[in-house]
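1. got a predicted structure here, sequence first:
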Amino acid sequence: MEVEKVNIAAKLDSFNEHWSPKIVGALNNQLVKVAKFKGDFIMHHHENEDELFYVIDGQLFIELEDKTLSLNSSEFVIIPRGVKHKPYAPEEVSILLFEPASTLNTGNLNNDLTQEKLDSI
């Protein structure tokens, strides 16, 4: 197995789609993903997986049932399994996600935002 470094900025520069995570690494049945978010997503939850959202650049809001979190560059939050959450970003934000390989981006819901097969870049 070859060991290579990953340039996150270059990976983010390689695509423009919003709400379409891209796989940039894998370890221990976990995936490292990058994504660009802009606008609203949907309220959802994950039955069996925790999710880590790390803001690379911009500002991300995550609406929970009882409050809204505001994350800026270099901040992250872990959303525990079962917790309803709705990410949104008025302006484009670049995100790193760390989550189990089984995690579906729309969690318990399946709709036009669901990404069942992610691209590796």
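-> Yes, it's here. Given the structure is predicted, the values throughout are model-derived calculations rather than measurements.

2. dump the residue contacts of the most centrally placed residue in the chain.
-> In the chain, the residue lying closest to the centroid (CA atoms, centre = their mean) is residue 97, at 4.2 Å. Residue 97 makes contact with 21, 31-35, 51-54, according to CB atoms under 8 Å, 6 or more residues apart in numbering. For the C-beta atoms, the positions are set from N, CA and C on the backbone; glycine is no exception.

3. redo that, cut-off 7 Å
-> When contacts are counted by CB atoms under 7 Å, 6 or more residues apart in numbering, residue 97 touches 21, 33, 35, 51-53.

4. hey, where'd the strands end up in this structure?
-> 22-27, 30-40, 51-57, 59-63, 68-72, 76-79, 86-100, 119-120 (DSSP state E).

5. any chance of these in a markdown table with distance to residue 11 and mean pLDDT as columns?
-> Output for the strands of the chain, formatted as a markdown table (distance: least, CB to CB, whole Å; pLDDT from 0 to 100):
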| stretch | distance to residue 11 | mean pLDDT |
| --- | --- | --- |
| strand 22-27 | 5 | 95 |
| strand 30-40 | 5 | 96 |
| strand 51-57 | 10 | 97 |
| strand 59-63 | 18 | 98 |
| strand 68-72 | 20 | 98 |
| strand 76-79 | 18 | 97 |
| strand 86-100 | 10 | 95 |
| strand 119-120 | 10 | 78 |
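
6. so which of those strands comes closest to residue 14?
-> Shortest distance between residue 14 and those, using CB to CB, is found for strand 22-27: 8.0 Å.
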